[in-house]
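Participant: okay, predicted coordinates and the sequence, questions at the end:
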Amino acid sequence: MKMDDRMPGQRQERIQEKITQMKTGQEMEAVQEIIDFNKTPAQFKAQMDRFVIGQEQGKKILSTAVTFHYRRLGQALRKWLTENDGSIDLALRHTLTPRANIMVIGPTGCGKTYSSETASRLVGVSFVHEDLTKFSEVGYVGQNVGDILVDLLLAAGGNTSVAQMGVVYIDEIDKIAGESSVGRDVSGRGVQKGLLHLVDGSENTVQIGKERIPLSTKHILFIAGGAFENLDVVVKKRMARQGLVGNWRHFLTADDLVAFGMERQLMGRFPVKVVYDPLTTEDLKNIMLKSEDSALLAYTHDLGTWGIDLEFTEDALTEVAHRAQQEGTGARGLISVLHRVLLEDMFRLPGTFTGRLLVDQEYVQDRLRCDSRTFPN
Ligand SMILES: Nc1ncnc2c1ncn2[C@@H]1O[C@H](COP(=O)(O)OP(=O)(O)OP(=O)(O)O)[C@@H](O)[C@H]1O
Ligand SMILES: [Mg+2]
């Protein structure tokens, strides 16, 4: 017996009403947040700086694009809602906001996804992260492009209006480059076509079971990210042909992405391009010391709750940053190196030791030399 069958009709109605009220409340809150959004790009970047280290130019471009997008949407919604006292749904339908979707290019672990997620968190909108390598043209191998909207709807707590104002981060977009670049998945073109439809700002429907939920993508901010390995070769070749000199990152055009194997129409939908730099040893040290999401700061805090005062010398930080860099996974390497350095102490010291735990360069080297052998059974 289904639960519904046992519930008296009146009670069912009351619950349904309550859910609708909650949804409306949630929706009003989300819209109010966007209407009240009043940060300037510089203020927004200053907030990003607390989390994302380095990538100065990238953060500038991202902050500007995100601030303008939500400012424009907020102002348009405010205007519409003041002039008509209609529903948010209608307001969203009638609001026109030319979007500037963003393409973020850069090596693995340099903060592409992290900075996009941080930006969405700072605006206060729903965020979904979709990995395109899991997608296929027709959906029988992996996911289908339309599933992105299902995920967004889930991230928005099932609230379509909230979902329609969110951010969709499309990861590994370079992996769907077409045949023109050797060795890539030939079904990529099909996925690109599906994406094109989604990004175009069209009316879509999300099918959940028997229910078909209309969901427009016209206010959704799409951010696509990819490593685009060897893209520099493509750009530098063109620059040489045209007699241009300078940092290739400043000369990247849609043509180069097309030469890489991306669909021109799709690239046209991502007019804002950001090229992130590989993180330097200095950046990696700063991530440990300054980012509010720093793993080192978290470990320091955790050990502090046991009365253990963790301290790293400058040399030790440099050593960790070097080792992380050798792993070739950007800032991701930091977490794994730090964890290996501290594992033994995190296991043994709580409850048996209080006071200062000073980690110097030699200590780091020792721990990394024998990290697989010393951990006790
Ligand atoms: N610039 C940065 N400042 C602070 N933390 C960073 C930075 N870059 C990366 N990180 C940390 O490293 C983790 C991995 O970074 P992220 O997921 O953004 O990599 P990515 O550039 O998207 O790489 P991939 O191409 O592999 O998807 C983040 O969760 C964050 O903790
Ligand atoms: Mg990523």
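Facilitator: Received it, and whenever you're ready, just let me know what you need. Numbering: from 1, shown residues only. Ligands and ions are numbered 1, 2, ... in the order given.
Participant: point me to the residue of this structure nearest ligand 2.
Facilitator: Taking CB to the ion as the measure, the chain has residue 113 as its residue closest to ligand 2, at 3.3 Å. All C-beta atoms are positioned from the backbone trio N, CA, C, and that covers glycine.
Participant: and that residue, how many neighbours?
Facilitator: Burial measure for residue 113: 17 neighbouring residues, criterion other CB atoms under 10 Å.
Participant: next, residue 107: secondary structure please.
Facilitator: Assigned with DSSP: H, G, I helix; E, B strand; the rest coil, residue 107 falls in the coil class.
Participant: so where does the residue of the chain closest to ligand 2 fall, helix or strand?
Facilitator: In this assignment (DSSP states H and E), residue 113 forms part of helix 112-123.
Participant: cool, residue 335 as well?
Facilitator: For residue 335, the host element (DSSP H and E) is helix 332-348.
Participant: could I get the full set of strands for the stretch 51-200 of the chain?
Facilitator: 102-105, 127-131, 167-171 (DSSP state E, counting those that start in this stretch).
Participant: re earlier: right, and the residue of the chain closest to ligand 2 touches residue 227 too?
Facilitator: No - Residue 113 lies out of contact with residue 227 (CB atoms under 8 Å); the separation is 11.5 Å.
Participant: count the residues that sit near residue 110.
Facilitator: Using other CB under 10 Å as the criterion, residue 110 is surrounded by 25 other residues.
Participant: could you do residue 28 as well?
Facilitator: As a burial measure, residue 28 scores 12 neighbours (other CB under 10 Å).
Participant: same question for the one 4 residues further on.
Facilitator: Burial of residue 32 is recorded as 14 neighbouring residues (other CB under 10 Å).
Participant: once you drop chain neighbours, what's closest to residue 55?
Facilitator: Excluding its sequence neighbours, the residue lying closest to residue 55 (CB to CB, 6 or more residues apart in numbering) is residue 276, at 5.2 Å.
Participant: got the contact list for that neighbour?
Facilitator: Contact analysis of residue 276 by CB atoms under 8 Å, 6 or more residues apart in numbering lists 55, 58, 104, 105, 106, 107, 110, 111, 112.
Participant: residues of this protein that sit close to ligand 1?
Facilitator: Taking CB under 6 Å from any ligand atom as the measure of proximity, the chain contacts ligand 1 at 52-55, 106, 108-114, 171, 225, 227, 287, 291, 293, 330-332.
Participant: selection in PyMOL covering whichever of those are buried, please.
Facilitator: Filtering those down to the buried ones (16 or more other CB atoms under 10 Å) takes a single PyMOL command:
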select buried, resi 52+53+54+55+106+109+110+111+112+113+114+171+225+227+287+291+330+331
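Participant: and the helices in the stretch 201-350 of the chain, which stretches?
Facilitator: Applying DSSP state H, counting those that start in this stretch to the stretch 201-350 of the chain gives helices spanning 231-241, 254-260, 264-268, 281-290, 295-304, 314-327, 332-348.
Participant: so which of the ones you listed is nearest residue 92?
Facilitator: Among those, the nearest to residue 92 by CB to CB is helix 264-268 (24.3 Å).
Participant: run the chain-centre distance for that closest one.
Facilitator: Helix 264-268 has its C-alpha centroid displaced from the chain centroid by 21 Å (CA atoms, centre = their mean, to the nearest Å).
Participant: what residues sit buried inside the helix holding residue 113?
Facilitator: Neighbour counts over helix 112-123 (16+ other CB under 10 Å) mark 112, 113, 114, 115, 116, 117, 118, 119, 120, 122, 123 as buried.
Participant: which residues touch the fifth one?
Facilitator: Read it as residue 116. Residue 116 neighbours (CB under 8 Å, 6+ apart): 62, 102, 104, 127, 167, 169, 223, 225.
Participant: nothing else from me, thank you.
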